[in-house]
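Enquirer: coordinates only, sequence not included:
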C-alpha cells in the first residue's frame, strides 16, 4: 500500500510525526483483510470489533514531507480471538526501511468482551501464514 506524505503528516521539521505510523499500520491491516474478502465494516456489522492490545514500532529512518512510503503487511499469528500483523514501511524510491512494527488485535463484541472469530476467517488467515506468503503493500 502506498502513502504519500503531505505537510499535515509531518512535524515542524518536515519529518513524519511518529504516531502517524500507527494510522498507516491501521490502513494497511484494513487493506490486507479486505483484499482477502474480509471487510472490516462487514465484520463490525456482525458484531466483531477489533481492538489493538499491543503495538510495537522501531523507527529506523525518517519519513519526510513529499516522500511516498510503501507499507508491507503480513499476518504473523492467528488464533480464534486474536490476530498479529507485522508491518514494514519503506521509502518508495530508495527502498530504505523507515519503520518496522507489529500490532496484536483482539476480536471483541460491542461491549468489549472477547469474541471468537468465524472459523473460515481464521482458517483463511492461517493458510496465508502457513503458505509463507510474503508481505503485501
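Expert: Right, received. Where do you want to start? Just so it is clear, the model here is predicted, and its values are computed rather than measured. Residues are numbered from 1 along each chain as shown.
Enquirer: where exactly do the helices run in this protein?
Expert: Ranges of helices within the chain are 20-35, 40-45, 119-130, based on DSSP state H.
Enquirer: Out of the ones you listed, indicate the one that is most buried.
Expert: Comparing the helices of the chain by mean neighbour count (mean count of other CB atoms under 10 Å), helix 20-35 comes out on top with a mean of 18. (Glycine included, C-beta is placed from N, CA and C.)
Enquirer: Tell me the helices and strands packed up against that one.
Expert: Applying 3 or more CB pairs under 8 Å, 6 or more residues apart in numbering; DSSP states H and E, one finds that helix 20-35 contacts helix 40-45, strand 49-59, strand 68-78, strand 82-91, strand 97-108.
Enquirer: looking at the ones you listed, which is closest to residue 32?
Expert: Residue 32 lies closest to strand 68-78 among the helices and strands packed on helix 20-35, at 4.7 Å (CB to CB).
Enquirer: I'd assumed residue 77 was in contact with residue 83.
Expert: Yes: in this structure, residue 83 is within contact of residue 77 by CB atoms under 8 Å, at 7.1 Å.
Enquirer: Can you list the low-confidence ranges for the protein?
Expert: 130-137 (pLDDT under 70).
Enquirer: Next, the contact list for residue 57, please.
Expert: If a contact means CB atoms under 8 Å, 6 or more residues apart in numbering, then residue 57 has 18, 21-22, 99-101 as its contacts.
Enquirer: Format those as CSV; extra columns: distance to residue 91.
Expert: As requested, the contacts of residue 57 are exported to CSV (distance: CB to CB, whole Å):
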residue, distance to residue 91
18, 16
21, 13
22, 18
99, 10
100, 13
101, 16
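Enquirer: which one among those residues gets closest to residue 5?
Expert: Distance to residue 5, by CB to CB, is smallest for residue 21 among these, at 11.1 Å.
Enquirer: That closest one and residue 106: what is the separation?
Expert: Using CB to CB, to the nearest Å, residue 21 is found at 21 Å from residue 106.
Enquirer: Grab the nearest non-local neighbour of residue 21.
Expert: residue 99 (4.9 Å; CB to CB, 6 or more residues apart in numbering).
Enquirer: Mind listing the residues bridging to the nearest residue to residue 83 once chain neighbours are set aside?
Expert: Once flanking residues are discounted, residue 83 sits nearest to residue 105: 5.0 Å by CB to CB, 6+ apart. With DSSP bridges as the criterion, residue 105 is bridged to residue 52, residue 83.
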